[in-house]
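[1] Sequence first, predicted model second:
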Amino acid sequence: MGYVPSDYTSEAPMNHSENAFILTIACTDACGLVGAFSSLIASMGGNITEANHHTDIKTGKAFLRFVFTNKTGSADDLRAAIQPLTEKYAADCSVYDANKPMKVVIAVSRFGHCLQELIHRQLAGILPIEICAVLSNHEDMRGFVEWAGIPYHYLPVSKENKAEQEQQIRSLFQSHDAELLILARYMQILSADMCRDFDGKAINIHHSFLPSFKGAKPYSQAHDKGVKIIGATAHYVTTDLDEGPIIEQAVERVDHSVSVEEFVNVGRDTETLALTRAVRWHAERRVMMHGNRTIVFK
Ligand SMILES: Nc1nc2c(c(=O)[nH]1)N[C@@H](CN(C=O)c1ccc(C(=O)N[C@@H](CCC(=O)O)C(=O)O)cc1)CN2
């Protein structure tokens, strides 16, 4: 099921004209760095339609993102053309086709609110992803996913078969040449090997305003504390549970009259908002890692 453009609201991601590319650059900052890359793009006939730049003063590291149209030349031509500058600045550069939706696999357990919104936003053309498959350790979401025309893979997991089950996840991911694994309320802790293999390619939604209330039952933890704001956090998955680099967060006010059951209901909206935004930023190549933090060019 392909990426279906639609004339949705202004929320819709920008549909780039033909031959549009994204170039991301990370390197030690240097005088003339921005000008060097923007001039190179211009010298190739490229027209920059969006430019983002941030330098972390403390570490001296620079992060750049250019979106540009280029009547001639492929992504490979561009990769070749930027090579001299890549070497000059010892830069970590990546070139992407701006019109190619990101292939993703979604993992879910029993709660489908984040999954359903991701599917809706793809169908509505407001999220530049192609959902290739959904996997789950339960059967709860099969009906909805297959109704949406997406393959559903039931992969039960236990302490005994965890390594085998995780190999099934790897195989499914590779079989679709996917770029992102989305843990959309997937309530299984990925092993260190999986975290290594999916480094920077797996996003989880945690149902609390991290770093508060890590681990299981965060709403109960928050309610017991009598918090006045609850939230959700979308982050990259690392071996340290709920410690990965944060991409997006969303919050909502609560008060003494709100039960823990209602926390869960309110949380559905904050979880969905934080995760769909994080997936959009990631799919539009707007997120760059910097240690255990992220730079997000919105
Ligand atoms: N390596 C990581 N794996 C996962 C992370 C992560 O940050 N690093 N986040 C979780 C999601 N999550 C909270 O957001 C979470 C999920 C599950 C548990 C947990 O204790 N699970 C139990 C089993 C629960 C069950 O079977 O229902 C367990 O795995 O033993 C804590 C936090 C996704 N994976």
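    Nice, thanks for sending it over. All figures in this text were calculated on a predicted structure; none of them were measured in a lab. Numbers count the residues shown, from 1 in each chain.
[2] Please report how far N204 lies from V157.
    According to Cβ to Cβ, to the nearest Å, N204 stands 16 Å off from V157. Backbone N, C-alpha and C define where each C-beta goes, glycine included.
[3] Give me the more crowded residue out of the two.
    When neighbours are counted by other Cβ atoms under 10 Å, N204 and V157 differ, and N204 comes out ahead with 24 against 18.
[4] Now do the domain split for the chain, please.
    Using automatic domain parsing, the domain ranges for the chain come out as 20-97, 102-296.
[5] export the ones you listed to CSV and tack on mean pLDDT?
    Formatted as CSV, those follow (pLDDT from 0 to 100):
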stretch, mean pLDDT
domain 20-97, 96
domain 102-296, 97
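[6] between these, which one is nearest to the ligand?
    Closest approach to the ligand among the domains of the chain (Cβ to the nearest ligand atom): domain 102-296, 3.5 Å.
[7] first to last residue in that closest one, what's the distance?
    From the first residue to the last, domain 102-296 extends over 17 Å; the measure is Cα to Cα, to the nearest Å.
[8] Any residues of the stretch 101-250 of the chain in contact with the ligand? List them.
    183, 186-190, 195, 204, 206, 215-216, 237-239, 241-242, 244 (Cβ under 6 Å from any ligand atom).
[9] switch the cut-off to 5 Å
    By the criterion of Cβ under 5 Å from any ligand atom, the positions of the stretch 101-250 of the chain lying close to the ligand are 183, 187-190, 195, 204, 206, 216, 237, 241-242.
[10] and the helix or strand containing C195, what does it pack onto?
    Element membership of C195 [criterion: DSSP states H and E] is helix 192-197. When contacts are defined as 3 or more Cβ pairs under 8 Å, 6 or more residues apart in numbering; DSSP states H and E, helix 192-197 sits against helix 162-175.
[11] Skip ahead from the helix it packs on and say which helix or strand is next.
    Using DSSP H and E, the helix or strand that follows helix 162-175 towards the C-terminus is strand 180-183.
[12] packing partners for that following strand?
    Using 3+ Cβ pairs under 8 Å, 6+ apart as the contact criterion, the secondary-structure elements in contact with strand 180-183 are strand 102-108, strand 202-206, helix 260-283.
[13] Off-centre distance for the last one?
    Helix 260-283 has its average C-alpha position 13 Å from the chain's average C-alpha position, going by Cα atoms, centre = their mean, to the nearest Å.
[14] So that helix, near the ligand or not?
    No - interface with the ligand: helix 260-283 contributes nothing (Cβ under 5 Å from any ligand atom), its closest point being 9.7 Å away.
[15] Go ahead and name everything in contact with that helix.
    Here helix 260-283 makes contact (Cβ atoms under 8 Å, 6 or more residues apart in numbering) with 13, 101-102, 104, 113-114, 117-118, 121, 127-129, 180, 182, 184-185, 203, 205, 207, 219-220, 222-223, 230-235, 247-252, 254, 258, 287, 296, 298.
[16] Next: the shortest one.
    For strand 202-206, the external contacting residues (Cβ under 8 Å, 6+ apart) are 114, 180-186, 190, 194-195, 214, 218, 232-237, 242, 244, 247, 271, 274-275, 278-279, 282.
[17] Give me the buried subset of the residues you listed.
    114, 180-186, 190, 194-195, 218, 232-237, 242, 244, 247, 271, 274-275, 278-279, 282 (16 or more other Cβ atoms under 10 Å).
[18] Contacts only, for S136.
    Per Cβ under 8 Å, 6+ apart, neighbours of S136: 107-109, 142, 152-155, 186.
[19] Could you work out the most separated pair of those?
    R142 and Y186 (14.9 Å; Cβ to Cβ).
[20] strand partners of the host helix or strand of H235, parallel vs antiparallel please.
    H235 is part of strand 229-236, with elements assigned from DSSP H and E. When pairing is defined by DSSP bridges, strand 229-236 lines up against strand 202-206 (antiparallel), strand 246-253 (antiparallel).
[21] Which stretch among those strands is buried most, on average?
    Of all the strands paired with strand 229-236, strand 202-206 carries the top mean neighbour count, a mean of 25, counting by mean count of other Cβ atoms under 10 Å.
[22] What lies in contact with the helix or strand that comes right after that one?
    Remark: after strand 202-206, the chain's next helix or strand is helix 218-225, criterion DSSP H and E. If you take Cβ under 8 Å, 6+ apart as the criterion, helix 218-225 is touched by 206-208, 212-213, 230, 259-260, 263-264, 267.
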